[in-house]
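# A structural model of the following input is requested.
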Amino acid sequence: MADSAYPISGSLERAPERWSQAAVLEWLNSWVVTVDHKKLGILYMAYSIFFLLVAGVEAIVIRIQLIQPNMHVVSPQVFNRLFTMHGTTMVFLVGMTYIFGFANYLIPLMIGARDMAFPRLNAFSFWMTCFGGLLLYYSFIGGGGLYGDGNAPDVTWWAYAPLTSRAFTRGHSIDYWALSLIVTGFGTIGAAINVIATTLCMRCKGMTLMRLPLFAWLNLVASGLILVTITPLTAAQVMLLIDRYLGGHLFDTQAGGSAIIWAHFFWIFGHPEVYVLVIPAFAIANEIIPVFSRKAMFGYPAMVAATIGIAFVSVSVWAHHMFTIGMTSVGNTFFVLSTGLVGVPTGIKIFNWLATMWGGKIRFATPMLFCTAFVFQFLLAGLTGIMLSAAPWNWQLHNSYFVIAHFHYILVGAIVFNIFAAIYYWYPKVTGRMLSETLGKWHFWLFFIGFHLTFDVMHIPGLLGMPRSIFTYEANRGWGMLNMIVSIGGFIQGIAVLIFAVNLIRSYFKGAVAGNDPWDAWTLEWSTPSPPPAYNFAEDPVVTSARPLWDIKHPDDPDWKYE
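Residues are numbered from 1 along each chain as shown. This next block holds a predicted model:
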């Protein structure tokens, strides 16, 4: 209990009981100036959830526009802005921030550390990321410049040249887009450095790398991949600003530049970015599936090796996004083979999860429901990914709704599902309260049904030739009923997310008291009070295996040992 005039629940402080001005300012100030890894983790997650809701609203408007042929709910210009902002928000402001939310909060607790390696860099990284997101959305107001109409960027989230040149754009919306990604990129690099340093240098006594929780291992690999992928994106944004303001003509084909260079720079970031986002989702599944299967993770060394293999191979596959640009047959062949090769370590992971569940005493609590759905959906996403890795197939379906469906099977079916699983799993540790299982199951089943209505059906108009960024379409194309079903699925997902939001708020005040270890887990964070104290551990832990907490509770159970 803190020495203040109002109660504090560990790292997540409840608002003052007496809302005096001084108390409110003190409470807010404690969050703004904090360097505590737990508070910063919560800030990252709150930021991610907020922009998930924002991107969800943008998606709903897009689906309303496409629900029937010849709809005019929004103008073509506004549709393009929504399309661009939805994609940019989901990748950079939801995907990138959830990684560091969970990593910040959990890794020091899992490895027996008091804090991250560089607490002030940690705070700086979050506020840089936060400022970048606010800068992007300020474009709605200031994108038209001082004397123009406000507008957001409308060049899609991959922003191919020459759409970003000053000849094709009005106002400063593209400048806001480029500057915001540069700023969030610096924040992301700082956070990745912190995760790497903390994981390698701050482990407690006895925690060797092969006793490291898989959650920490996979976030370590993802952070290393971030350092490789964010730098070319930042370089591309700087070159874009040089083109726009210093007459560089780097991407201006009319002045001797190359639009293809932008595509290479962007996708050298863009495709490994998919693995940057999904590897931390794998990390979540690696903690939840064994706990609710009552079995140790099958093939711990293989899981680590497969993750490192994915990281290495992922940086060699970017140009499968560019088959239709006109590369040579040698280039096409190389990227077909390298993309197919990614399926090998990915298949190992799926086998490990299924082998862990096989024969286990599975308890289908809400976190396990989301993880089970994730395994099934990620398998389907991998299969359609292998299809798109074949250049002739890709030539037919590139920039169609088939690609949109495939990508969302990963971004939503794997990443968002596991974000929900992680929140249900670790919410009791963060707040000391359990989320409602009843509301959780309503959330899961509605979201699961809505997801499959939307993205299963979305493959079909893609196969029938529907382009990915089309504003509207004629009735005679045969896409109307399919788009109706896709949109209805989107609305169902929206209802599910509202139930989730209600569950978060209601359970925070009225949820059942969680206790230290409500799931009977084994990693070190569950040995601390819920919520953990500011110092994490009164004494530095000492571990003797990869399952330290389980060893303490069940010293005579050999089935849970790796070693």
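
# most centrally placed residue in this structure?
Nearest residue to the geometric centre of the chain (Cα atoms, centre = their mean): Gly95, 2.5 Å.

# Quick check: which helices or strands does the host helix or strand of Arg63 pack against?
Using DSSP states H and E, Arg63 falls within helix 37-65. Where contact means 3 or more Cβ pairs under 8 Å, 6 or more residues apart in numbering; DSSP states H and E, helix 37-65 is packed against helix 21-32, helix 76-88, helix 96-110, helix 119-142, helix 417-431, helix 480-510. Heads up, the C-betas are built off the backbone N, CA and C, glycines and all.

# ok, 7 Å please
helix 76-88, helix 96-110, helix 119-142, helix 480-510 (3 or more Cβ pairs under 7 Å, 6 or more residues apart in numbering; DSSP states H and E).

# tell me the average confidence for it?
Here helix 37-65 scores 96 as its mean pLDDT.

# buried ones in it?
37-45, 47-49, 51-52, 54-56, 58-63, 65 (16 or more other Cβ atoms under 10 Å).

# what do you get for stretch 291-310?
Result for stretch 291-310 [16+ other Cβ under 10 Å]: buried residues 291-293, 295-300, 302-304, 306-310.

# circling back: ignoring the adjacent residues along the chain, who's closest to the residue nearest to the centre of the chain?
Nearest residue to Gly95 in three dimensions, chain neighbours excluded: Leu277, at 4.3 Å (Cβ to Cβ, 6 or more residues apart in numbering).

# what about that neighbour, neighbour count?
21 (other Cβ atoms under 10 Å).

# Double-check it against Ile415; I have them as touching.
Yes: Leu277 is within contact range of Ile415, at 5.5 Å (criterion: Cβ atoms under 7 Å).

# ok, and the closest non-adjacent residue to Pro541?
Pro541's closest residue in space is Gly112 (Cβ to Cβ, 6+ apart), at 3.9 Å.

# related to what we said a few turns ago, most tightly surrounded among the helices and strands packed on helix 37-65?
helix 96-110 (a mean of 27; mean count of other Cβ atoms under 10 Å).

# Can I get that helix in CSV, CA atoms only?
C-alpha atoms of helix 96-110 as CSV (Å, rounded to 0.1, in the frame of the first residue of the first chain):
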residue,chain,number,x,y,z
MET,A,96,3.7,-2.2,-32.9
THR,A,97,2.5,-0.9,-29.6
TYR,A,98,0.9,-4.1,-28.3
ILE,A,99,4.3,-5.7,-28.6
PHE,A,100,5.9,-3.3,-26.2
GLY,A,101,2.9,-3.2,-23.9
PHE,A,102,3.1,-6.8,-23.0
ALA,A,103,7.0,-7.0,-23.3
ASN,A,104,7.4,-4.0,-21.0
TYR,A,105,5.0,-5.3,-18.3
LEU,A,106,6.0,-9.0,-18.4
ILE,A,107,9.6,-9.5,-19.3
PRO,A,108,11.2,-8.0,-16.2
LEU,A,109,8.7,-10.0,-14.0
MET,A,110,9.3,-13.2,-16.0
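
# which residues touch it?
37-38, 40-42, 44-45, 47-48, 114-116, 122, 129, 188, 191, 195, 198-199, 202, 213, 215-216, 219, 222, 280, 419, 422, 426, 430, 523-525, 528, 532, 536 (Cβ atoms under 7 Å, 6 or more residues apart in numbering).

# Off-centre distance for whichever helix or strand Pro232 is part of?
Secondary structure assignment for Pro232, by DSSP H and E: helix 214-245. Centroid displacement of helix 214-245 relative to its chain, using Cα atoms, centre = their mean, to the nearest Å, is 15 Å.

# immediately after that helix, which helix or strand?
helix 259-293.

# list the buried ones in that next one?
259-260, 262-293.

# again with stretch 426-436
426-436.

# Give me the number of neighbouring residues for Gln21.
7.

# what stretches of this protein score poorly on pLDDT?
The chain contains residues with pLDDT under 70 at 1-19, 145-150, 555-563.

# same thing but 80
1-21, 143-150, 169-170, 551-563 (pLDDT under 80).

# hmm, who's touching stretch 361-379?
285, 288-289, 292-294, 350, 353-354, 409, 413-414, 417-418, 420-421, 424-425, 437, 440-441, 444, 448.

# Ignore what I typed, I meant stretch 306-313.
Outside stretch 306-313, the residues that reach it (Cβ under 7 Å, 6+ apart) are 217-218, 221, 224-225, 275, 279, 338, 341-342, 345-346, 348-349.

# how much distance is there from that stretch to the middle of the chain?
Going by Cα atoms, centre = their mean, where stretch 306-313 is centred and where its chain is centred differ by 18 Å.

# What of stretch 48-57?
12 Å.

# so which strand or helix has the nearest residue in space to Ile492 that is not next to it in sequence?
Computed as Cβ to Cβ, 6+ apart, the closest residue to Ile492 that is not its neighbour in sequence is Gly450, at 3.2 Å. Per DSSP H and E: Gly450 is located in helix 437-463.

# just to revisit the earlier point, now do the helix holding Pro232: which elements does it pack against?
Using 3+ Cβ pairs under 7 Å, 6+ apart: helix 214-245 touches helix 96-110, helix 173-201, helix 259-293, helix 300-314.

# and the angle from that helix to helix 259-293?
160 degrees (axes from the mean of the first three to the mean of the last three Cα atoms, to 10 degrees).

# Going by neighbour count, which residues of helix 214-245 are buried?
Applying 16+ other Cβ under 10 Å to helix 214-245 flags 214-226, 228-230, 232-234, 236-237, 239-241, 243-244 as buried.

# Contact partners for Ala355?
298-299.

# ignore the last one, Val195
103, 107, 219-220, 223.

# From Tyr535, how far out is the nearest residue to Val278 once chain neighbours are set aside?
Nearest non-adjacent residue to Val278, counting by Cβ to Cβ, 6+ apart: Ala414, 5.5 Å away. Per Cβ to Cβ, to the nearest Å, Ala414 is found 35 Å from Tyr535.

# So between those two, which is more surrounded?
Ala414 (25 against 10).

# which one is Pro119 nearest to, not counting chain neighbours?
Closest to Pro119 by Cβ to Cβ, 6+ apart is Val35, at 3.8 Å.

# tell me the SS of the one you found?
coil (DSSP: H, G, I helix; E, B strand; the rest coil).

# Who are the contact partners of it?
119-120, 122-123.
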